[in-house]
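S.K.: Give me a 3D structure for the following:
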Amino acid sequence: MVRYDPDTGKRHELTQTFDTKKEAKNWAETEAATYRDDPNRKPPSEETLGVYLDRWLKIKSTLNLTDKTLTSYREMAAHSIRELGGTALKSLMPLEIQQFYASMAQSRHLSPRTIRYVHTVLKMALNDAVEWGLIPTNPAGKVKVTASTRTKALRIPTPEEMAQLIRANQATR
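M.R.: Okay, here's the model as predicted:
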């Protein structure tokens, strides 16, 4: 059973041992109901990912970051806003994010490096959302971003091209 502290947003895991599976299930259901009914628990945010990322970028711009860093954050966040911006922050699922990254690679032919950077910025923004109590967990933290599998083919010059290159550079050191 996992709970989140309403003040700090920290994750607390409750564990207990039972003799039967039925007892364990009943305990988990009771604890979940108690957690849901807690008047101090703040429900997840209703705002969309797009609205949140805009707000997050404004907050980041007040920090001591370089213009280049802020520009790259905006560019990478724009990918997420374009594809997932209408999704409610509380409803965002790891599978949606994983599909988003796959579509970036397949349909838009973005490089694995760009996809990793989009993932880094999205994960950083959602980590802040967890810290600020807007969502209980970071769905981007559960997504796998693969390393680059595309490599450019090495083109070896023909003997004629090598001779031409040597002739062109004979006058230089």
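S.K.: Ignoring the adjacent residues along the chain, who's closest to Thr120?
M.R.: Excluding the flanking residues, the one nearest Thr120 by CB to CB, 6 or more residues apart in numbering is Met76, at 7.6 Å. Every residue, glycine included, has its C-beta placed from N, CA and C.
S.K.: Mind splitting the chain into its structural domains?
M.R.: Split into domains by automatic domain parsing, the chain comes to 2-37, 49-142.
S.K.: Can you flag the weakest of these by average pLDDT?
M.R.: Here the lowest mean pLDDT among these goes to domain 2-37, at a mean of 74.
S.K.: Where does Asn64 sit: helix, strand or coil?
M.R.: coil (DSSP: H, G, I helix; E, B strand; the rest coil).
S.K.: The residue nearest to Thr120 belongs to a helix, doesn't it?
M.R.: Yes. Residue state for Met76 (three-state DSSP) corresponds to a helix.
S.K.: Would you check how far apart it and Ile59 are?
M.R.: 16 Å (CB to CB, to the nearest Å).
S.K.: what does Thr137 give?
M.R.: Separation of Thr137 from Ile59 (CB to CB): 21 Å.
S.K.: The protein: strands as residue ranges?
M.R.: 2-4, 11-13 (DSSP state E).
S.K.: re the thing from before, settle it for me: which of Met76 and Ile59 has more neighbours?
M.R.: Neighbours were counted for Met76 and for Ile59 using other CB atoms under 10 Å; Met76 has more, 22 against 12.
S.K.: The more buried one touches Met124, doesn't it?
M.R.: No. Using CB atoms under 8 Å, Met76 is not in contact with Met124; the gap is 9.7 Å.
S.K.: quick one: pLDDT of the closest residue to His119 other than its chain neighbours?
M.R.: In space, and not counting its chain neighbours, His119 is closest to Val145: 4.6 Å by CB to CB, 6+ apart. Listed pLDDT for Val145 reads 85.
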